[in-house]
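A.B. asks: test case, fold it:
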Amino acid sequence: MPQRRSHVSSSAAQSQLAEVLAALREGIEAPVEFPPEAIAEAQAASAATPGLDLRDVPFVTLDPLGSKDLDQAFHLARAGSGYRVRYAIADVPGFVTPEGAVDAQARLRGQTLYLADGSIPLHPRVLSEDRASLLPDAERPALVWTFSLDAEGSRTDFRLERALIRSRAQLEYVSAQASADRGEDEHLALLREIGELRRAREAERGGASLNLPDEEVVLRADGHYDIERRHPLQIEDWNAQLSLMTGMAAAELMIDAKVGVLRTMPQPDDAAFERFRRQTQALGRPWISGRYGEYLRALDKADPLTLPVLEAAASLFRGAGYVTFDGELPAGDLSQAAIGAPYAHATAPLRRLVDRWSLAICLAVSEGRPAPEWARESLAELPGLMQQSAQRASTLGAETINRVEAALLQPLIGQTIEATVIELRGEDRAAVQIAHPAVTATAPVPAGTAPGSSVRLRLVAADVTDGAVEFAA
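C.D. replies: Next up, the predicted model:
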């Protein structure tokens, strides 16, 4: 499905929007600037040089264009009839002193927050975007996972080691996808091959990928704000499969050691499945038989009804959280339902707090050592810290988009707009998608309106200060 972009063109609207977004940023209940002691500690921090030298391995990174906080680098190779995957993760545990000033700030933040005009990082930028980041042509300590896969992409063995690496290139999604499509890069061809095999193994496990379109506010070079919506590229999914494989291996290590933190999500209940079946029938794309993951994977991205189906499927992917344990495994199912296996967050330590705990524990277990005492003592705090940061990120993202959408719609007040119904919200209201400008909103609709149908709406009001938008049928 093509990328859609809309932008705020009026200079007056731009000025007002810039002020509103600045106030929103300053008003969030989270620290924005780092105190001097955290900056000083980050500048002085250094990780011990690993004994294992993998600088001759040509790792590469793959991230959105312009990224500086590079958590992962990979190298892929054939190994007999199968494959060898090396997945290097930034050695954040080696740079952050437990219970130090940087650690304290990271616990307050929980995760990096991404805004239209920049970001509020989890760690001082001297670490997250420089000394600990896996930037190209820079020697970096890393935690390297090495996986052996058979010809079908199933994992046969793995290990975790600290090593010194040097990434050779910083790839970005769009150009890398184009290169993969042209078949001109053997490494990316292997990424496609392994990624598709891992997707097949995911299907066998009963896992399901819900690839909703990304929605992001961006600030262009000319000072205009945009909302960009696009479906993730194939190469993003192939790359994600490497991360998922790593997270499953991390979960396995911690479960075997009976100490750690898992990312969990329950299976949808029968009522949720039945509701989703009814919604797909109403959309004319009925889910009749088979696993819901198979159904979602088979959807045609070019079909205009795919987006309403995916929005409806979002109700199946609820209840995700974290569970910690030390000495005794929690009762019940430890799986992450969308993945179809136990899983841990362990691949984004520069941007997400919990990953540092997972990596520190996994490395200790791999080396035959007890889990670090600092990690064990603070395990119980992690679910609450991560929940707070997730709520903060969700609220900030939604409020930012609401205000930019209001600015996009302001010139259309009083006009009639065509929209597509995505999801019903009661008998006479629905979530609707407007194509031009690309805005999602809640609006009144006639009783009996079905998801996927077109409606005509009159825009009554659009307030940039609070993001409120009002339509009349």
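A.B. asks: wait, what's in contact with E252?
C.D. replies: Going by C-beta atoms under 8 Å, 6 or more residues apart in numbering, E252 touches P342. In this view, the C-beta of every residue, glycine as well, is placed from N, C-alpha and C.
A.B. asks: how far away is it from F158?
C.D. replies: 9 Å (C-beta to C-beta, to the nearest Å).
A.B. asks: hmm, V32 is touching E26, no?
C.D. replies: Yes. Checked against C-beta atoms under 8 Å, the pair V32 and E26 is within contact range at 7.3 Å.
A.B. asks: domain parsing of the protein, as residue ranges.
C.D. replies: Domain ranges of the chain: 43-206+231-266+319-398, 413-473, per automatic domain parsing.
A.B. asks: what's the least confident stretch among these?
C.D. replies: Ranked by mean pLDDT, these bottom out at domain 413-473, which scores a mean of 87.
A.B. asks: which one of V32 and E26 has more residues nearby?
C.D. replies: V32 (11 against 8; other C-beta atoms under 10 Å).
A.B. asks: which non-adjacent residue is nearest that one?
C.D. replies: I120 (5.5 Å; C-beta to C-beta, 6 or more residues apart in numbering).
A.B. asks: residues in a beta bridge with the one you found, which ones?
C.D. replies: L113 (DSSP bridges).
A.B. asks: can you redo the domains of the chain as TSV with distance to I288?
C.D. replies: Output for the domains of the chain, formatted as TSV (distance: least, C-beta to C-beta, whole Å):
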stretch	distance to I288
domain 43-206+231-266+319-398	17
domain 413-473	18
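A.B. asks: which of those is buried the deepest?
C.D. replies: Ranked by mean neighbour count under mean count of other C-beta atoms under 10 Å, the domains of the chain are led by domain 43-206+231-266+319-398, which reaches a mean of 19.
A.B. asks: and that one, how far from the chain's centre?
C.D. replies: 12 Å (C-alpha atoms, centre = their mean, to the nearest Å).
A.B. asks: before we move on, the earlier item: next, the contact list for the residue nearest to V32, please.
C.D. replies: 25, 30, 32, 109, 112-113.
A.B. asks: any chance of CSV for those, columns distance to F325?
C.D. replies: Shown next, in CSV, are the contacts of I120 (distance: C-beta to C-beta, whole Å):
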residue, distance to F325
R25, 37
A30, 28
V32, 34
R109, 25
T112, 27
L113, 29
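A.B. asks: and which of those is nearest to T420?
C.D. replies: Nearest to T420 out of those is L113 (C-beta to C-beta; 30.7 Å).
A.B. asks: how far away is the closest one from Y225?
C.D. replies: Taken as C-beta to C-beta, the span from L113 to Y225 is 17 Å.
A.B. asks: same check on D130?
C.D. replies: Using C-beta to C-beta, D130 is found at 28 Å from Y225.
A.B. asks: same question, L17
C.D. replies: The gap separating L17 from Y225 is 6 Å, by C-beta to C-beta.
A.B. asks: same deal with Q279?
C.D. replies: Distance from Q279 to Y225, by C-beta to C-beta: 33 Å.
A.B. asks: neighbour-wise, which of those two wins?
C.D. replies: Taking other C-beta under 10 Å, Q279 and Y225 do not tie; Y225 has more neighbours (24 against 21).
A.B. asks: need phi/psi at that one.
C.D. replies: Main-chain dihedrals, Y225, degrees, to the nearest 10: phi -90, psi 140.
A.B. asks: any idea which residue of the protein is furthest from its center?
C.D. replies: The centre of the chain is farthest from one residue, G414, which by C-alpha atoms, centre = their mean lies 37.6 Å away.
A.B. asks: spatially nearest residue to it (excluding sequence neighbours)?
C.D. replies: Nearest non-adjacent residue to G414 (C-beta to C-beta, 6+ apart): L459, at 6.8 Å.
A.B. asks: what about the one you found, which helix or strand?
C.D. replies: Element membership of L459 [criterion: DSSP states H and E] is strand 454-462.
A.B. asks: which residues are in contact with that strand?
C.D. replies: By C-beta under 8 Å, 6+ apart, the residues outside strand 454-462 that reach it are 405-407, 409-410, 412-421, 430, 432, 443-446, 449, 468-473.
A.B. asks: let's see that with 10 Å instead.
C.D. replies: Strand 454-462 is contacted by residues 13, 304, 403, 405-421, 430, 432, 434, 439, 441, 443-446, 449, 468-473 when judged by C-beta atoms under 10 Å, 6 or more residues apart in numbering.
A.B. asks: what helices or strands is the next helix-or-strand element following it leaning on?
C.D. replies: Using DSSP H and E, the helix or strand that follows strand 454-462 in sequence is strand 469-472. For strand 469-472, the contact count by 3 or more C-beta pairs under 10 Å, 6 or more residues apart in numbering; DSSP states H and E identifies helix 382-409, strand 416-424, strand 429-434, strand 439-444, strand 454-462 as packing neighbours.
A.B. asks: the fourth one pairs with which strands, parallel or anti?
C.D. replies: Right, strand 439-444. When pairing is defined by DSSP bridges, strand 439-444 lines up against strand 429-434 (antiparallel).
A.B. asks: between the strand it pairs with and helix 382-409, how many degrees?
C.D. replies: Put simply, strand 429-434 runs at 60 degrees to helix 382-409, going by axes from the mean of the first three to the mean of the last three C-alpha atoms, to 10 degrees.
A.B. asks: restricting the selection to alpha carbons, write strand 429-434 to CSV.
C.D. replies: Taking C-alpha atoms only, strand 429-434 is exported to CSV below (Å, rounded to 0.1, in the frame of the first residue of the first chain):
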residue,chain,number,x,y,z
ARG,A,429,-20.3,6.8,15.6
ALA,A,430,-17.2,5.3,13.9
ALA,A,431,-13.5,5.7,13.4
VAL,A,432,-13.1,7.0,9.9
GLN,A,433,-10.1,7.4,7.5
ILE,A,434,-9.9,10.6,5.4
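A.B. asks: what about that strand, distance to the chain center?
C.D. replies: The answer for strand 429-434 is 25 Å, by C-alpha atoms, centre = their mean.
A.B. asks: residues in contact with it: which ones?
C.D. replies: 4, 6, 213, 229, 304, 307-308, 311, 405, 408-409, 412, 417-425, 439-446, 449-451, 453-455, 457, 459, 471, 473.
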